[in-house]
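In: Return a 3D structure for these sequence lines:
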Amino acid sequence: MTNLTTRIDVATKRARFRALHTSGCFVLPNPWDIGSAFTWSPNGRAIAHVMDGSVAITDAKTGLTMRLTARADGGCLPRPEACVFSADGKKIAFVRRVGSGATEFNQVCVVGV
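Out: Predicted coordinates for the structure are as follows:
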C-alpha cells in the first residue's frame, strides 16, 4: 500500500512534468502545488494563482512563475478562492484573513503585477 502522506522530492516532480509535457500534455513546471482557483490575464499571457503561501503569476508560454507577495504562513495565507486580474491586467485582487480571534475576517487585497 502506498503512503499518501509522503512528499515527492522536487527532482522527481520535475521529471514527471517533463514526461507529461513530452507526451503532449502541457504542464506548468512548478515544484509547489497550486493552492487556489486561477484566472487568465486579459491578454491571455499569464495565469494568476496562489502557490506555496503567495500570490503568483505564471507565464502561460514558458511556465516561468513569479511571486507577487511574500510567502505567508498560518492564518495570513492567501485564501484558495481565485486571484482575479484587473481589466487592464496591471493588478490582481485576492482574499486574505486578517485580524485575530473574534475580530478575524476576510479582506480583499490588491497587488501590482
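In: number of nearby residues for residue 67?
Out: By other CB atoms under 10 Å, 14 other residues sit near residue 67. Bear in mind the C-beta positions are built from the backbone N, C-alpha and C, glycine included.
In: residues contacting residue 58?
Out: By CB atoms under 8 Å, 6 or more residues apart in numbering, the contact set of residue 58 is 28, 30, 46, 47, 49, 64, 65, 66.
In: The fourth one: which element?
Out: If I follow you right, that is residue 47. strand 46-51 (DSSP states H and E).
In: in the next helix or strand after that strand, what counts as buried?
Out: Per DSSP H and E, the first helix or strand lying C-terminal to strand 46-51 is strand 54-59. For strand 54-59, burial by neighbour count (16 or more other CB atoms under 10 Å) applies to 54, 55, 56, 57, 58.
In: Which member of the residues you listed is positioned nearest residue 106?
Out: residue 55 (14.9 Å; CB to CB).
In: And the closest one, how far from residue 34?
Out: Using CB to CB, to the nearest Å, residue 55 is found at 12 Å from residue 34.
In: hey, what's in contact with both of those two?
Out: Joint contacts of residue 55 and residue 34 (CB under 8 Å, 6+ apart) are residue 49.
In: ok, back up a step: CA atoms only for the strand holding residue 47, dumped as CSV, please.
Out: Output in CSV follows, covering the C-alpha atoms of strand 46-51 (Å, rounded to 0.1, in the frame of the first residue of the first chain):
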residue,chain,number,x,y,z
ALA,A,46,-0.3,34.8,-17.7
ILE,A,47,-2.2,32.9,-15.1
ALA,A,48,-2.7,34.3,-11.5
HIS,A,49,-2.9,31.8,-8.6
VAL,A,50,-1.9,31.1,-5.1
MET,A,51,1.1,28.8,-4.7
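In: so which of the contacts of residue 58 comes closest to residue 8?
Out: Checking the contacts of residue 58 against residue 8 with CB to CB, the nearest one is residue 30 at 12.8 Å.
In: Where does the closest one sit: helix, strand or coil?
Out: coil (DSSP: H, G, I helix; E, B strand; the rest coil).
In: Run through the helices of the chain in chain order.
Out: Along the chain, counting by DSSP state H, helices occupy 10-22.
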